[in-house]
Structures are given as structure tokens and as C-alpha cells.
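Chemist: what's the 3D shape of this:
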Amino acid sequence: MNLAKRVGQVTPSLTLAIDAKAKALRASGIDVCSFAAGEPDFDTPTHIKEAAKLALDQGKTKYTVASGIIELKQAIAAKLLRDNQLSYAPDQIIVTNGGKHSLYNLMMALLDEGDEVIIPVPFWVSYPEMVKLAQGKPVFIMTSEANGYKITPEQLEAAITPRTKLFVLNSPSNPTGMVYSQMEIRALAEVLLRHEQVLVVSDEIYEKIIYDGVQHFSIGAVSPEIYDRTIISSGFAKAYAMTGWRVGYLAGKKEIIKAATSIQGHSTSNVCTFAQYGAIAALNESQDCVEEMRLSFVTKREVMYQGLMQIPKLTCLKPDGAFYLFLNITQLGLTSMEFGERLLEQQQVAIIPGIAFGVDTNVRLSYATDIETIKKGCDRISKFVQSLN
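Modeler: Numbers count the residues shown, from 1 in each chain. The predicted model follows:
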């Protein structure tokens, strides 16, 4: 069978594949320490589930408009103003089937064949694949552990060409956990403002999961000029433990949102109706659940970081946000795939090879799991590294 050429251009998601393999091993009775999944290890807070149940009981099970119910878009607009100092009207917002879908809609709405999209490395696995599906061209900017896995204004300036259409900014970052400071965000904005054809999409899905007094700052809040060129992508999966609910959103210029809505109207249509009512409760009711989860991640981050830093030849920056450690394995002499495959086979620990994020010298570990698993997994990783000597 001759499949579409676009299928051959896309790399399957390594993160989902390894997480599925770890779950299959567990289902067969093998004791696996999995640090692969990119989702909180908490149940969705009760008040959010109750809101969805109430919506079901009230018969809210029919189609909605493709861009989402007005009550949810109003709640998102209020959140963006309250938390990010960004003013959006409901018709500047589309509710999507998860944060990933918001980005896919954006790429399909913006990109023509050959349009360039600047993506810092390491990157979340789906950014370049979405660009390629929209017939765009990913342009990568390399970072390093030495500079905190952040690009500089000079690097951004050098990467921009007349074909550049979009810059992808992810802070807090998956997979590194780094967070750009307000000063760093402003410096990048200054570069973008010199190139009027370039838009920026700010993926802020991890904005609530930050540590050590670090502050999240949205690039759209820098000035009215950069606000006009900014698109915000976010969702409910990480902050509210709603990964399976598939509710995300995109906020930006009316023309962009209208185009994204048209695409969504002919692909998925509206997000699950009663899930949207759960999302309203997530934004409008108590945020104590978010802080409780964040404080739990503070402890888990410390346990995993201290456990791994006792292992010779491994280095790692302590993350400012999200729930990942991006472990540098350069001194071991293994590729990230070799490290991951052998670690799973020999010690039953699942991690994500860094090559999935564009970097073969690192691996990603999620500490969104219980403390016992973190301690046991660190012990197993130590045994594995010792066996290499």
C-alpha cells in the first residue's frame, strides 16, 4: 500500500512508545521503575470531577461550538489576565483536544510549504513533527548544559531568515525543566520585534509547576507590540492532573484563532462537552490542589536529584520547573538509546532517551511518581552505571 509521503516524514513518539513498553512489562508481572511518563502521579482533584459529573447529570452531552463553550473561554480569558497579565477576548481563544492539539492546529493554520519554524534544542518531541506535517521546515538552535539549556538573543538573531514564520518558546521546558527569566524573555522579544514577519508561540503548559521562588513570565506581557505577535498554548493536563481529559487551549489574534477553529471544525470539532465543565471548575474554584501537587514535586525532585548526583560520571542541572531531570550521560560512552535499552533490560528502569528531544548525550527522567519508586530506581541506575566500569 502506498501511504501518504507525510507519514514517512514523521518520527513516531518515542516517549509514548517507551511508556507503553514499561506498562506492558508491569502488566506481565515485572517490577519496573518507570520514569518515562510525562503526567502527574495524582488523580484529578475531586471538585473538577464533580463538576464534570454534574454536567453529565444535567444532560450536557451534546455538541458545542467547535471552539469551545463561552463559559470556559471566559474562564480562560480571566486566568490569562489574572496570572499572565494578558488580555484576551473569548473570540481570541479556542478550546482544543489537549495542549498538543492546540499546537497542531496552529501549525496547520500558519505554515505553508517551506516556512521555517525556529525550535530550541532540546525540544518537546512533537514540535518538529507538527511542523513537518504542516509542510514547514524545523530550524534548530542548539543549547547546552553550560548555558542552562537556554538560547541566547544572538543565537535567535542568527537563526532568523526571510522564510522564518514562527519561533517556539517552551518555558518551563520539557525535557530540561529550565525556566527563562523575565530579563531573558525580554531580550528574546527585542530580537523578534526586529523581524516583523516572525510570530512566537509560547507553550506554557508547565507554568504552575515551578520551584525555588522562580517566576513564570509570559513573553506576550513584554509589550503591546510583542503581544500582537504572540500565541499562547496551554492546557489543564499538568497543573490539574487532567492528562486524560484532553482539554487545552490556544489564545492569540482573532485571525489565527478563526483559522484554527475552521481546521478544528473539520477535524475533531468540539472538545468533550462535559470535560469542558470540569475545566471551568479547575480555573474558577480553589487552586489549593495545584499548590499541593507542586509541593509534592518539590520533595520528589530533591530525592531524585540527590539520588542521581551520588552516582559517578552523571551530571544534571537542578530543574526550575516541570517534573523532569535531564541527565547528562556523556561520560558513560553510551548513546541515549543504548543507555535506555540496556537500563530497562538489565535493571528494569524505564527512561526516555534524549535523542527523542534532539540530544543524544542525555536522558529524561520524570519524578512524577512515588518516593519509593524514585529511591529504588536511583539504586538500580547506580548498579547499572557501576556495571559499565
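Chemist: surely Phe384 is in a strand?
Modeler: No. Under DSSP: H, G, I helix; E, B strand; the rest coil, Phe384 sits outside any strand and is assigned helix.
Chemist: isn't it right next to Arg342, touching?
Modeler: Yes. Between Phe384 and Arg342 there is a contact at 7.2 Å, judged by C-beta atoms under 8 Å. Placement of C-beta: from N, CA and C, glycine included.
Chemist: so between these two, which is more surrounded?
Modeler: The residue with more neighbours, out of Phe384 and Arg342, is Phe384; 19 against 14, by other C-beta atoms under 10 Å.
Chemist: backbone torsions only: list them for the residue lying closest to the more buried one once chain neighbours are set aside.
Modeler: Among residues not flanking Phe384 along the chain, Gln347 sits closest, at 4.8 Å (C-beta to C-beta, 6 or more residues apart in numbering). Dihedral pair for Gln347: phi -120, psi 0, per degrees, to the nearest 10.
Chemist: who's in contact with Gln347?
Modeler: Contact partners of Gln347, counting by C-beta atoms under 8 Å, 6 or more residues apart in numbering, are 380-381, 383-384.
Chemist: drop anything exposed from these.
Modeler: By neighbour count, with 16 or more other C-beta atoms under 10 Å, these hold 380-381, 384 as buried.
Chemist: now the residues you listed as TSV including pLDDT and distance to Ser262?
Modeler: Converted to TSV, these look like this (pLDDT from 0 to 100; distance: C-beta to C-beta, whole Å):
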residue	pLDDT	distance to Ser262
Arg380	98	50
Ile381	98	48
Phe384	97	50
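Chemist: let me see the ranges of the helices in the stretch 51-200 of the chain.
Modeler: 70-84, 99-110, 126-133, 153-159, 182-193 (DSSP state H, counting those that start in this stretch).
Chemist: centre of the chain versus the first one, how much separation?
Modeler: For helix 70-84, the gap between its own C-alpha mean and the chain's C-alpha mean amounts to 20 Å (C-alpha atoms, centre = their mean, to the nearest Å).
Chemist: cool, and stretch 336-344?
Modeler: Its chain's C-alpha centre and that of stretch 336-344 lie 23 Å apart, by C-alpha atoms, centre = their mean.
Chemist: contacting residues for the nearest residue to Val125 once chain neighbours are set aside?
Modeler: Leaving aside its sequence neighbours, Val125 sits nearest to Ala356 (C-beta to C-beta, 6+ apart; 5.0 Å). Residues near Ala356 by C-beta under 8 Å, 6+ apart: 13-15, 125, 364.
Chemist: next one, pLDDT for Ala356 please.
Modeler: Looking at Ala356, its pLDDT is 95.
Chemist: three-state assignment of it?
Modeler: Going by three-state DSSP: Ala356 is helix.
Chemist: quick one, strands of the stretch 251-389 of the chain?
Modeler: Secondary structure of the stretch 251-389 of the chain (DSSP state E, counting those that start in this stretch): strands at 324-328, 349-350, 352-353, 362-366.
Chemist: out of the ones you listed, indicate the one that is most buried.
Modeler: Stretch with highest mean neighbour count among these: strand 362-366 (a mean of 28; mean count of other C-beta atoms under 10 Å).
Chemist: which strands and helices sit next to that one?
Modeler: strand 324-328, helix 336-347, strand 352-353 (3 or more C-beta pairs under 8 Å, 6 or more residues apart in numbering; DSSP states H and E).
Chemist: can you list contacts of the last one?
Modeler: Read that as strand 352-353. Strand 352-353 is contacted by residues 14-15, 18, 36, 175, 335-337, 339-340, 360, 363-366 when judged by C-beta under 8 Å, 6+ apart.
Chemist: tabulate the CA atom coordinates of stretch 39-47 in PDB.
Modeler: Only the C-alpha atoms of stretch 39-47 are listed here, as PDB (Å, rounded to 0.1, in the frame of the first residue of the first chain):
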ATOM      1  CA  GLU A  39       2.000  13.100  33.500                       C
ATOM      2  CA  PRO A  40       1.300  13.900  37.200                       C
ATOM      3  CA  ASP A  41       1.000  10.900  39.500                       C
ATOM      4  CA  PHE A  42      -2.200  12.300  41.100                       C
ATOM      5  CA  ASP A  43      -5.800  11.700  40.400                       C
ATOM      6  CA  THR A  44      -7.800  14.700  39.100                       C
ATOM      7  CA  PRO A  45      -9.000  16.800  42.000                       C
ATOM      8  CA  THR A  46     -12.400  15.900  43.300                       C
ATOM      9  CA  HIS A  47     -14.100  19.200  42.600                       C
END
